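[1] Sequence and predicted model, in that order:
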Amino acid sequence: MHDPLDFRDLVADELAELRTSGFDVTAFDAEVAAALRSARGPRDPYLAELLDRLAEAPRLPGWPYDEPSDLEEIRAVVAGVERDGPAMSAEPPRLGDQLLGAWLGRCAGNTLGKPVEGWTRSQIRAYSEAADAYPIGDYLPRVEPWPDGVPPMVYSWPNATRGNVSGAPRDDDVDYTLLGLELLETTGLGFGVDDVGAQWLGRLPFTQVYTAERAAYRNAVDGLAPPLTATYRNPYREWIGALIRVDIYGYVCWGDPWRAAELAHRNASFSHTGNGVYAAMWAASLIASCFVGDDMPAALRSSMACVPPRSRLAEALTFVVDLHTAGTSWDQAVDEIEARLGHLSWVHAVSNAAVIAAALLWGEGDFARTVGLTVQAGWDTDSNAATTGSAFGALHGAQTLPAHMIEPLDDRLNSAIAGFDGSRISELAARTRHVAQSMR
């Protein structure tokens, strides 16, 4: 369950995180296996001691990546990025429509992916074919009899399947966008990583945060301050959580991808390090670039400029772009992405960012195809489709989004954040525009 309150999960997940991050953990393998077999419950003190000793694992010789987490160190390895995306002095003529499109696209994509979150590609295909809904281009219907070999839908399916959508259902992918907007409205551009933590503790229910966010929340409650909130007993520090929180910075920093990336870094650093931070910076930068361009491949190229070039995320994104440039088919591309990155957790930032980039490239300027391909690729389907929907809407605007996916949202979203439940999506877009204008 990847529970940050259970030392059994923390030990197993930390071992996996270290192994995929280039550390030699072979000396711990047998001890960890034995300790997990004999564990005396979720708070076994021996597991706690073992978890802390895992930090002593040495880096493998010849590790080829350079992955700093500090912003100034990131600046140093991506020197010149500011010149790649200069701030725009004139407001884009379609900004209002683009902001509405970004909000609606995020809500629609998230809703589409919710029922099958965590399913494998083969399970998603088996179900959607049984439902006569493959390739996916609309909310998935609920079918009976249930297809063999397919797991149950995620518990939220009654609000996220075709014919049952009435407003955007509550989800953390949207809650974090709302929190980001509120923090900008109340604190402005000067917010710091401590402000992010304080807002979470005051506004975000602990039961509605997961993996890295729950570990950071737990650390903050225990009195730790950043950057320890991100690093202490947090095996999920390079997972997707920070990526899903930062669209708002792309919305308000249209045309200024580096500024969006900097704000995303502040937010992400409360709970993430390394590639978890880069993925957030990349997503915010991508969306900021979408507002002032007319070409998704160009926006992707611009956004990659803020990612440390010798990082695993940069390597994965370059791999995806190269596959697209070579004319690889969608099915073959996803096969190759899975073969290369499938050893990572299904909610790791690197593998899911690769899916996001691929869907935006192979989506060919069609919203339903773009978010549909995102979901067909599996892994973190709702988070990934929320991001591809957001980027698509920012580039193309609300007027281009298909009615069959937008009308069921009824211009309304549900939220666990007090004061936001039942908000009109169009009003949130207008508030976002006001914040963006006040920053210029």
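    Yes, it's here.
[2] ok, now which ones touch Pro227?
    Residues near Pro227 by C-beta atoms under 8 Å, 6 or more residues apart in numbering: Ser69, Val193, Ser269, Thr273. Placement of C-beta: from N, CA and C, glycine included.
[3] Give me the neighbour count for the last one.
    Put plainly, it is Thr273. Thr273 has 22 neighbouring residues, counting by other C-beta atoms under 10 Å.
[4] go on, Glu364?
    Neighbours around Glu364, by other C-beta under 10 Å: 11.
[5] what about it, is that helix, strand or coil?
    Following DSSP: H, G, I helix; E, B strand; the rest coil, the label given to Glu364 is coil.
[6] Just give the closest residue to it, not the sequence neighbours.
    Thr370 (7.9 Å; C-beta to C-beta, 6 or more residues apart in numbering).
[7] What residues does the one you found make contact with?
    Applying C-beta under 8 Å, 6+ apart, the residues near Thr370 are Ala359, Leu360, Gly363, Glu364, Thr388, Gly389, Phe392.
[8] Strands - which of the residues you listed land there?
    Among the contacts of Thr370, no residue falls in strands (DSSP state E).
[9] Phi, psi for Phe23 please.
    Phe23 adopts backbone torsions of phi -100, psi 150, taken as degrees, to the nearest 10.
[10] Start from the N-terminal end of the protein and give the strands.
    For the chain, the strands defined by DSSP E cover 412-413, 423-424.
[11] Just say which of the ones you listed is most tucked in.
    The highest mean neighbour count among those, using mean count of other C-beta atoms under 10 Å, belongs to strand 412-413: a mean of 22.
[12] What mean pLDDT does it get?
    In this model, strand 412-413 has a mean pLDDT of 98.
[13] Let me see the domain layout of this protein.
    7-56, 71-438 (automatic domain parsing).
[14] Tell me how far the first one lies from the chain's centre.
    Pointing back at domain 7-56 there. How far domain 7-56 lies from its chain's middle: 26 Å, per C-alpha atoms, centre = their mean, to the nearest Å.
[15] Pull up the distance across that domain, start to finish.
    Terminal residues of domain 7-56 lie 18 Å apart, using C-alpha to C-alpha, to the nearest Å.
[16] Over to the longest one?
    Looking at domain 71-438, the gap from its leading to its trailing residue is 25 Å under the measure C-alpha to C-alpha.
[17] wait, what's in contact with Ala288?
    By C-beta under 8 Å, 6+ apart, Ala288 lies in contact with Gly85, Tyr249, Gly250, Cys253, Trp254, Gly255, Asp256, Pro257, Arg259, Ala260, Ala261.
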